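In: could you work out the structure for the sequence below:
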Amino acid sequence: MTVDPFASPTTFAAIPRLGGLILSPAGDRLVAAVSELDDDGGTFVSSLWSLDPQGQAPARRLTRSSQGESDAAFLPDGSLLFTSTRPDPKPASSSEKPDVAALWLLPAGGGDPWVVASRSGGITGIATGRDSSTCVVTALSAPGSVTDDEDKEWWSTRRKHKVSAILHDSLPIRHWDHHLGPSEVHVFAGTFDPTDPDASLVLRDLTPDAGPALHDSHPVLSTDGSTVVVDWMVRLAAGPLTTNVVAIDVATGQRRTLAGTEDGSFMYTSPAISPDGTQVVAVREARSTESKPWVIDLWLIDVATGEGRPLNVGDRPWVNRATFNADGTAVLVETDLGGHAPLWGIDLATGEGHQLTGAGAWASPVPHPDGHSAFALHSTIDEPPRPVRFELATDAAAVADSAAWTVIDAPGAVAPPPRPPEEVTATAADGTPLRAWLVLPEDASPEKPAPLVLWVHGGPVSSWNGWSWRWNPRLMAANGWAILLPDPALSTGYGDSMVQRGWNQWGGSPFDDLMAITDVALTRPDLDPTRTAAMGGSYGGYMANWIAGHTERFKAIVSHASIWSLEQFVGTTDWPELWADEWGWPEANPESYRAWSPDASVDAISTPMLLIHGERDYRCPVGESVRLWTDLTRRAVDARFLWFGDENHWILQPGDSVVWYETVLAFLDQHVLGEPWRQPASL
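Out: Predicted structure coming up:
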C-alpha cells in the first residue's frame, strides 16, 4: 500500500526537495541539488543529482556524503565544482580541520572528487565562466587586507580561545539568522587544470578591502573569465545604506561601479552578465518613502561605458530577477502575476516584453545553448517544483499546457492532488478586484462542509503563487482543513497600485481585503462559517496579531514570527533602515506607529492564540513574541507559545518542522473543532 506523503507532517518531511538547476556549457548535462532526510531523520542533507536534459533517462545521484554537497558549478570540460564540509581524503596536514566548506571537483568522466581549494573561514559560493577555467569563489576571511598566513592565524586564534565577540561600528549588525562580522566576505579567483588530479586552485583575493560590502552578495563571472560582477553594499555620506553593481577585473583586481547613486535613491542587486560580457542586467529598486512604495524594474548596463537604461515588463507583473538567453539578445525575467509566477522575455533590441510561460510558478530559468529552449523549476500551490524543459515561444499559450513541456525525472515527484486548488474572487470596498487560492479537503461538500483557515502571506510585499515547504496547504487539506490564501493590498502581481493601497497602513486596506474575501469564500456550501481560524507568519504574523485585536470572528489564531510593537520592531530588526524608509523613525512619526501597531489593541484580544518563534530570527526578533506572550498571559488570554531555540525566521530542520505542523493542527483541532488537546510527542 502506497503511503500518501501528505497524510502526516512526518511523511511530508520525507519528500525529497529539489533545489536550483545548473547546465553544462555544452548543454548535455543538467544537475540539481536535492535535499533528503538523513538516516536518523533529524536533518536534511543535500546531494547532487544528474538529470537527463532530454527527459528520457532517470535521474542519477552523483555525490553521497553525510555532510552533503551544494553550490555546484560547471567548468568548460564538464567537470563539476561543489562545496562540502566532508573530510578531505588527502589533507595537507594532520592538524585539526575546522568544520567549514572546501571546494571540491568531480571529474567530467566520473570518479572520486578531490579538494581543489580551501580557506580557513570556509568557501561560501562559486562562479565559473562557460569558456574559461578561471574559477571565482566567495569565502569568509579575516577582516582587512591580510596575507594567507595571517588569515589562518586569525581564525586559529578565535577558534582556539572560543572567541565569539564582535565589535561593531556600523549598521547592519546581523542578517536573517546570523551576525555580521568580525569576518568579511571576500571574492577570490584562480585558474587550474581540472584534468590533473593533483592540481590545486591558488586563490587570489580580489577584494581585500571589502569590509562588510559583500556579506550578502552572489558574484557572477563573464564567459571568458575576465570580469566578476557583484552587488556591493555601501553606506553613503548622507547616512543610508545602498547597493551598487560593481565590475571587478580578474587579472588586476581593479573595480568600477557600473550602477549606483550618490544619494541612495536607487539600489541595484542580483546582477547577471551577458554571454559576450558586454552587458549586465540588474534589479533596480527605487527607494521607498513614507508615502510611496519602492518601485522595482530591470536596469540594463553597458559594461564598457556604464550607461544604463530601464527594461519594462509592464505595470502588472512584479519583477524579481533576470538572466540572459543563450545569445544575449534577450533576458528571461522571473515575475509575480495574478497568483502565478510566469517567466517573461524582453527583447533587448526592441525593448518589447512578452509572457513566456503560463500558469504556476517558474523559477531558476536556465537557457539552453541551442537558443530555442530553456529549463526551469515549475511548481504550483499544491505541487512541488519539478524540472521541465520548454520552448522559448513568444506566445504564453504555447507553454501554458503541460503537454508542451518535457518533464525531467528527478527525486521528489508526488501524485497530482486529489482536488486541484480553486480561485475565489471578491471586490474590495474601493472597487479593487481581489483574488485568493482555496485548497479544499478531498471530501469537502455541502453535506460535509470543511473548517476554514485563513492564511496571510508574509512580505508584506509578496504573493501566494507557488509551492511552500514551510506553509503547505496541501498537507493541511489532507488533514481535513480548507485553506484560503488571499492576495490583499500590498500583494505583488496586481500592479503598483495594489501595493500602494496598503503602504504605511498595514492594518488598513489589507485587513479589510482579507475580511472581504473571507466573507465571499464562506458563502460556499462546502465551507463551514462557524468553524474558522486565521494564521500568518512574518507580516502575516503582524496581521494575525492585528486580526486578534480587531475581530472576534475566528475561533483560533496562529501567529508565527510576528511583529507586535512597531516601535520596538523597527529598532531591533536586522535592517532598520528598510522599514524606516516606509514608516519614518518612531520619534519623528509616533502617531503613525501607534495607529498601526497591533499591541495598541491588546485589551481587545479574547481569541485563543498560538505564538511561534525561532530564537535566531533577526528579521522579526523573538522579543516580539516574548512581549506578546507576556501581554496575553497578563490578561489571561488562552494562549500557547511554541519556541524554537535553534531556528530562525523559518523553521527549517525536519524534526522542528514536524513539531510545527503537529502543534498547529492540535491547536486548531482543539479550539475550532472542539477536540481534546493533543500534546505532540516530542514536546
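In: packing partners for the one helix or strand residue 670 maps to?
Out: With secondary structure defined by DSSP states H and E, residue 670 is part of helix 654-673. Contact analysis of helix 654-673 by 3 or more Cβ pairs under 8 Å, 6 or more residues apart in numbering; DSSP states H and E lists helix 9-13, strand 450-456, strand 527-537, strand 557-560, strand 609-614, strand 639-644 as its packing neighbours. Every C-beta, even on glycine, is put in place using the N, C-alpha and C of the backbone.
In: quick one: the last one to strand 609-614, angle?
Out: In other words, strand 639-644. 10 degrees (axes from the mean of the first three to the mean of the last three Cα atoms, to 10 degrees).
In: how about the second one?
Out: In this structure, strand 450-456 runs at an angle of 50 degrees to strand 609-614, with the same axes, to 10 degrees as the basis.
In: I'd like to know which elements strand 450-456 is packed against.
Out: On a contact count with 3+ Cβ pairs under 8 Å, 6+ apart, strand 450-456 meets strand 482-486, helix 509-521, strand 527-537, helix 539-550, helix 654-673.
In: burial of residue 282, as a residue count?
Out: Other residues near residue 282 number 26, with proximity taken as other Cβ atoms under 10 Å.
In: please report how far it lies from residue 248.
Out: Per Cβ to Cβ, to the nearest Å, residue 282 is found 15 Å from residue 248.
In: how about the helices and strands packed on helix 654-673, which one is nearest residue 153?
Out: Nearest of those to residue 153, taken as Cβ to Cβ: strand 609-614 at 34.6 Å.
In: residues near residue 523, how many?
Out: The number of residues packed near residue 523 is 9, by other Cβ under 10 Å.
In: can you give me the pLDDT of it?
Out: Looking at residue 523, its pLDDT reads 98.
In: ok, now residue 316?
Out: 80.
In: what does residue 276 give?
Out: For residue 276, pLDDT reads 94.
In: relative to residue 567, how far out is residue 587?
Out: Residue 587 is 9 Å from residue 567, by Cβ to Cβ.
In: quick one: which of the two has more around it?
Out: Neighbour totals were compared for residue 587 and residue 567, and residue 567 leads with 16 against 8 (other Cβ under 10 Å).
In: doesn't that one belong to a strand?
Out: No - per DSSP: H, G, I helix; E, B strand; the rest coil, residue 567 lies outside any strand segment and is helix.
In: burial count for the closest residue to it other than its chain neighbours?
Out: Among residues not flanking residue 567 along the chain, residue 586 sits closest, at 4.4 Å (Cβ to Cβ, 6 or more residues apart in numbering). Using other Cβ under 10 Å, residue 586 has 19 other residues around it.
In: shouldn't residue 586 be within a helix?
Out: No - if the criterion is three-state DSSP, then residue 586 is coil and not within a helix.
In: can you put the helices and strands packed on helix 654-673 in CSV and add mean neighbour count and distance to residue 200?
Out: CSV is the format used below for the helices and strands packed on helix 654-673 (neighbours: other Cβ atoms under 10 Å; distance: least, Cβ to Cβ, whole Å):
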stretch, mean neighbour count, distance to residue 200
helix 9-13, 19, 39
strand 450-456, 25, 50
strand 527-537, 22, 45
strand 557-560, 28, 46
strand 609-614, 25, 39
strand 639-644, 18, 41
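In: would a markdown table of those with distance to residue 376 and mean pLDDT be doable?
Out: Below are those laid out as a markdown table (distance: least, Cβ to Cβ, whole Å; pLDDT from 0 to 100):
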| stretch | distance to residue 376 | mean pLDDT |
| --- | --- | --- |
| helix 9-13 | 24 | 96 |
| strand 450-456 | 26 | 98 |
| strand 527-537 | 27 | 98 |
| strand 557-560 | 30 | 98 |
| strand 609-614 | 31 | 98 |
| strand 639-644 | 33 | 98 |
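In: for residue 404, which of the ones you listed is the nearest?
Out: The closest of these to residue 404 is helix 9-13. By Cβ to Cβ, the value is 30.2 Å.
In: quick check: next helix or strand after the closest one?
Out: For helix 9-13, the following helix or strand on the C-terminal side (DSSP H and E) is strand 17-23.
In: in that following strand, what's buried?
Out: By neighbour count on 16 or more other Cβ atoms under 10 Å, the buried set for strand 17-23 is 17-23.
In: pull the distance from stretch 33-50 to the chain's centre.
Out: Offset of stretch 33-50 from its chain centre (Cα atoms, centre = their mean, to the nearest Å): 19 Å.
In: could you pull up the mean pLDDT of that stretch?
Out: Average pLDDT, stretch 33-50: 95.
In: hey, C-alpha coordinates of that stretch in CSV?
Out: Extracted C-alpha coordinates of stretch 33-50, given in CSV (Å, rounded to 0.1, in the frame of the first residue of the first chain):
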residue,chain,number,x,y,z
ALA,A,33,20.8,19.8,-5.7
VAL,A,34,18.4,17.5,-3.8
SER,A,35,17.8,17.7,0.0
GLU,A,36,16.7,14.5,1.7
LEU,A,37,16.4,13.3,5.3
ASP,A,38,19.5,11.7,6.8
ASP,A,39,19.3,8.1,8.1
ASP,A,40,18.2,9.4,11.6
GLY,A,41,15.5,11.7,10.1
GLY,A,42,17.0,14.6,12.1
THR,A,43,18.4,16.8,9.4
PHE,A,44,18.3,17.4,5.7
VAL,A,45,21.4,16.5,3.7
SER,A,46,21.9,17.9,0.2
SER,A,47,23.4,15.8,-2.7
LEU,A,48,24.0,16.5,-6.4
TRP,A,49,21.9,14.6,-9.0
SER,A,50,22.4,14.3,-12.7
